[in-house]
Every structure is written in C-alpha cells, then in structure tokens.
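Undergrad: can't give you the sequence, but here's the structure:
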C-alpha cells in the first residue's frame, strides 16, 4: 500500500501547495485586489473575447502547474468571479480552463502519458513536437472558435 502511495505524493504536494497559495491570497486580500483591478477590464469585454482570453491565460498556468486539480485550485478563485463580472457562465469558464489543461497535456514534457508513449514508440520528443505542432495550431484555433460559440449560444452555456 505504501509503495503505491508514492505515485500520488507529488500530486498531493502540488494540490496542497496550490491550496496554500489560495489561502494566503484570500487572507491577505490579494484575491480581492486582483479581482478589483481586473473587474474594470473584463466588464467591457464581450463574452466571446473573455472566454478566449481565459483559455489563453490558463495555458501558461496549465504548463506551470501540471496537476489539473492544483491548476483548478489556483485559477478558479480568480477566474469564476471574473466570468461573473464579464457576464459569462461558469460552465464556459470551466470549459476554458479544462481546454487549456487538455491542450497543454498534448505536448508538455511533464505529461507522463506523452513521455511514456514516446518512450514506448521510440520517438524523440523534438521529433514529436515537429509532427504535432500543426495539430496543436488547429486545435488552438478550433477551441477558440468553440468557446466563442459557446458564449453566443444560450443553450451551450452563454447568458
């Protein structure tokens, strides 16, 4: 049992660290300051632009915090209220976060699935990146279009 737990220790530390950062930000009033500063920017933004911006902002976060739970713990306390200010449903905010996380997981060297698959296939990482980058561009553009569409169509989560 203890040997099996070793696989989860890293993820547990990331989640705990992310939660600690969130607690410090909330207790120090940093979250409120950030929200107050960004409220004026997002209030005038269209929902489609906001959704695409949330996707783009979450990409570096997903790269820096490889744990999707840790990423959510860091991002959602800021992103969800910003979505409220912009008039975008929380479903779209979560979709933007999850889309960024999934997109990054297709190529990040911290993804055990990508690196394990490449090792099994005996494909070098740089060769994989050269092969996958056109697909990544297509998926990036398609995700932006679908997020904008999701905001525009009320049945899909738009307001």
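TA: Ah, there it is. Keep in mind that what you see is a predicted model, and the values were worked out from it rather than measured. Numbers count the residues shown, from 1 in each chain.
Undergrad: and the longest helix along the chain, average pLDDT?
TA: Looking across the chain with DSSP state H, the single longest helix is helix 125-152. The pLDDT scores in helix 125-152 average 96.
Undergrad: with stretch 41-49 instead?
TA: 83.
Undergrad: what do you get for stretch 66-84?
TA: Here the average pLDDT along stretch 66-84 is 85.
Undergrad: can you check stretch 97-116 too?
TA: 90.
Undergrad: please compute how far that stretch lies from its chain's middle.
TA: 11 Å (C-alpha atoms, centre = their mean, to the nearest Å).
Undergrad: quick one: buried residues of that stretch?
TA: Using 16 or more other C-beta atoms under 10 Å as the test for burial, stretch 97-116 gives 97, 98, 99, 100, 101, 103, 104, 105, 107, 114. C-beta: built from backbone N, CA, C; applies to glycine.
Undergrad: count of neighbours near the closest residue to the second one other than its chain neighbours?
TA: Spatial nearest neighbour of residue 98, chain neighbours left out: residue 68 (7.7 Å); criterion: C-beta to C-beta, 6 or more residues apart in numbering. A count of nearby residues for residue 68, using other C-beta atoms under 10 Å, gives 18.
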